[in-house]
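A.B. asks: A predicted structure for the sequence below; I have some questions about it.
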Amino acid sequence: MTGTKGIKLLKIDGVAPTVETIRGGAYPYTGNLYAVTTNKTADNPHVQELIAWFLSPQGQRLIEDAGYVSLGGK
């Protein structure tokens, strides 16, 4: 949730949407992103590799670079 030209980030009840307030749950309007698999794909090693990559430092950096808040600090 980065400030992009033309998009204004708003405080809600005095709480600004920062990485800390989003991660800590203080900012009230956030959403989670889920990766969903089916029973047919759950045991697929490629699916497990993709999930591991998303959770890796490189995957978390990509999430941050895309303007979202990652799971943890850098």
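C.D. replies: Cool, got the structure.
A.B. asks: what mean pLDDT would you report for the helix or strand that Glu49 is a member of?
C.D. replies: Per DSSP states H and E, Glu49 falls inside helix 45-55. Per-residue pLDDT over helix 45-55 has a mean of 90.
A.B. asks: Give me the buried positions along it.
C.D. replies: Phe54 (16 or more other C-beta atoms under 10 Å). To be clear about C-beta, it is placed using only N, CA and C from the backbone, and glycine gets the same treatment.
A.B. asks: likewise stretch 18-33?
C.D. replies: Quick answer for stretch 18-33 (16+ other C-beta under 10 Å): Val19, Thr21, Ile22, Tyr27.
A.B. asks: where does the chain dip in pLDDT?
C.D. replies: Judged by pLDDT under 70, the chain has its weakly predicted residues at 1-4, 73-74.
A.B. asks: what are the ranges of the helices in it?
C.D. replies: Taking DSSP state H as the test, the helices found in the chain are 19-24, 45-55, 57-65.
A.B. asks: Let's have the buried residues of stretch 18-33 in a markdown table, adding distance to Glu49.
C.D. replies: As requested, the buried residues of stretch 18-33 are arranged in a markdown table below (distance: C-beta to C-beta, whole Å):
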| residue | distance to Glu49 |
| --- | --- |
| Val19 | 27 |
| Thr21 | 33 |
| Ile22 | 28 |
| Tyr27 | 32 |
